[in-house]
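*Asks:* I'll drop the sequence and a predicted model, then ask my questions.
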Amino acid sequence: MVHGQAILPQRTLIIFDEIQECNEALNTLKYFCENAAEYAVASAGSLLGVAMSRGNSFPVGKVDFLQLNPICFSEFLSAVDPKLFSLLESINQIEPLPDIFFNPLIDKLKMFFICGGMPEAVVTLLEKQDVERTQQVLQNIINAYALDFSKHAENKEVPKINHLWSSIPSQLARDNKKFLYQSVRNGARAREFEDALLWLSHAGLVHRIFRITKPGLPISAYDDLTAFKLYLIDVGLLRRLSLLDPIAVKEGHRLFTEFKGALSENYVLQHLIANFEGIPRYWTSGNQAEVDFLIQVKNEIIPIEVKSDENIRSKSLTVYHNLYQPTVRIRYSLKNLKKDDGLINIPLFMVDYTEKLLGLA
């Protein structure tokens, strides 16, 4: 006892890295849990390998999972500019940020769009200040994924997975961004590619966002399973897969607006997934309106639009508001922080602070 507190017995920490490469090691976790509690065991591994493992069994109920998402912008900012990070952390009311801080934050966001949230790419850009090397790191990750397709998927599915993966930039380049199988290959049908799509989704490499036509609770009960959008897990990977050169960072807001603002949408989505429970949806009302994302926060459904250019008029949000009268609406844009008649305009670099801002609204 120390000052009235019990001293917990020391435990030996064992770390298994790349555990997906050895199914026998994966199964030993059961025996560590049942017969060797004096050891604390942590395992790191690719979701791709673990999910697609062809092993005979898995220690169900003996493993606690911790999912690691790509690095978010606030984490990136804490490393590249701690003072700006502290500024955002200190915000306790919804009001515009001074220009002296706003414009540098936009510049840091452009940097993030270059590397995205993959740790090696972030380290390469920040520590080595090497954009070309960052490009190569991202390409190496994409190449490694392609090799994993062949390693873990059934042989007959590998070409389909590659076709789907390569088609994502062109899918997102269309105005409504709805996924079309015929854009993968002429004459393609859902039945032909559904297994390949499920494979990519279960491997954690893509996010499938379903359309809903009615914002009811729970939101998942109103999915239209025939209509969805497909995004990558990381904005940096999408930029690299799209072959969008980093030089765009020097061309005004082009990095945010290129191919119908898909990079900005992908960026917002990956942060919403990291910060809120569940997967967002999107909403349409025929050809009249389309809201980019809907999130369920407790028992409240919040509509979200992403604006990546200077025009921030939200016709679709207005249509949605007139139909359903939500208590709050969100618009992410390059404009300053502001709340007006239930609409919160959140700068793109503050997506990580959405939950806090909703509490302040």
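*Replies:* Now that the structure is in, tell me what you want to look at.

*Asks:* May I see the domains of the chain written out as residue ranges?
*Replies:* Domain segmentation of the chain under automatic domain parsing yields 1-68, 73-360.

*Asks:* how far does the strand or helix carrying Gln171 sit from the chain's center?
*Replies:* Using DSSP states H and E, Gln171 falls within helix 158-172. Remark: helix 158-172 is offset 18 Å from the chain centroid, using Cα atoms, centre = their mean, to the nearest Å.

*Asks:* quick one: contacts of it?
*Replies:* For helix 158-172, contacts defined as Cβ atoms under 8 Å, 6 or more residues apart in numbering pick out 145-146, 149-150, 153, 177, 179-180, 183-185, 192-193, 195-197, 199-200, 205-206, 229-232, 238, 241-242, 259-260, 262, 265-266. (Each C-beta comes from the backbone N, C-alpha and C, glycine too.)

*Asks:* same thing with stretch 29-44?
*Replies:* Contacts to stretch 29-44, defined as Cβ under 8 Å, 6+ apart, come from residues 9, 11-19, 25-26, 59, 62-63.

*Asks:* Dump the helix holding Gln171 to CSV, keeping only the CA atoms.
*Replies:* C-alpha atoms of helix 158-172 as CSV (Å, rounded to 0.1, in the frame of the first residue of the first chain):
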residue,chain,number,x,y,z
VAL,A,158,-8.7,-10.0,-57.8
PRO,A,159,-9.3,-8.4,-61.3
LYS,A,160,-12.7,-7.1,-60.1
ILE,A,161,-11.2,-5.6,-56.9
ASN,A,162,-8.6,-3.9,-59.0
HIS,A,163,-11.2,-2.5,-61.4
LEU,A,164,-13.3,-1.2,-58.5
TRP,A,165,-10.4,0.4,-56.7
SER,A,166,-9.1,2.1,-59.8
SER,A,167,-12.5,3.5,-60.7
ILE,A,168,-13.1,5.4,-57.5
PRO,A,169,-11.6,8.7,-58.7
SER,A,170,-13.8,8.7,-61.8
GLN,A,171,-16.8,7.7,-59.8
LEU,A,172,-16.3,10.7,-57.5
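
*Asks:* The chain should start at 21 in everything you say after this.
*Replies:* All right, first residue 21 from here; so that's helix 178-192.

*Asks:* which parts of stretch 304-323 are buried?
*Replies:* 304, 309-316, 321-323 (16 or more other Cβ atoms under 10 Å).

*Asks:* Flag whichever of those scores worst on pLDDT.
*Replies:* Ranked by pLDDT, those bottom out at Ala309, which scores 90.

*Asks:* Contact partners for that one?
*Replies:* Ala309 makes contact with 335-336, 339-340 under the criterion Cβ under 8 Å, 6+ apart.

*Asks:* May I ask which of the residues you listed has the most neighbours?
*Replies:* Counting neighbours by other Cβ atoms under 10 Å, Tyr340 comes out on top of those with 22 neighbours.

*Asks:* chain center to the helix or strand encompassing that residue: distance?
*Replies:* Taking DSSP H and E as the criterion, the element that holds Tyr340 is helix 335-344. Distance of helix 335-344 from the chain centroid (Cα atoms, centre = their mean) equals 26 Å.

*Asks:* how long is stretch 314-332 end to end?
*Replies:* Terminal residues of stretch 314-332 lie 18 Å apart, using Cα to Cα, to the nearest Å.

*Asks:* now it, how far from the chain's geometric center?
*Replies:* Using Cα atoms, centre = their mean, the offset of stretch 314-332 from its chain centre is 15 Å.

*Asks:* Please apply the same query to stretch 315-333.
*Replies:* That offset, for stretch 315-333, works out to 16 Å (Cα atoms, centre = their mean).

*Asks:* Determine the set of other helices and strands touching the helix or strand just after the helix holding Gln191.
*Replies:* Per DSSP H and E, helix 178-192 leads on to helix 210-222 as the next helix or strand towards the C-terminus. Packing contacts for helix 210-222, counted by 3 or more Cβ pairs under 8 Å, 6 or more residues apart in numbering; DSSP states H and E, involve helix 178-192, strand 226-232.

*Asks:* Any idea how many residues pack against Glu271?
*Replies:* Glu271 sits with 11 neighbouring residues when counted by other Cβ under 10 Å.

*Asks:* ok, now Leu86?
*Replies:* With other Cβ under 10 Å as criterion, Leu86 counts 6.

*Asks:* does it belong to a helix or a strand, and which?
*Replies:* Remark: Leu86 resides in no helix or strand, with elements defined by DSSP H and E.

*Asks:* how about JSON lines for the helices and strands packed on helix 210-222, with distance to Asp119 and mean pLDDT added?
*Replies:* Shown next, in JSON lines, are the helices and strands packed on helix 210-222 (distance: least, Cβ to Cβ, whole Å; pLDDT from 0 to 100):
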{"stretch": "helix 178-192", "distance to Asp119": "32", "mean pLDDT": "93"}
{"stretch": "strand 226-232", "distance to Asp119": "34", "mean pLDDT": "96"}
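
*Asks:* what pLDDT does the closest residue to Leu129 other than its chain neighbours get?
*Replies:* Excluding the flanking residues, the one nearest Leu129 by Cβ to Cβ, 6 or more residues apart in numbering is Phe369, at 4.6 Å. We have a pLDDT of 97 for Phe369.

*Asks:* List the contacts of Phe369.
*Replies:* Contacts of Phe369 (Cβ under 8 Å, 6+ apart): 93, 97, 108, 125-126, 128-129.
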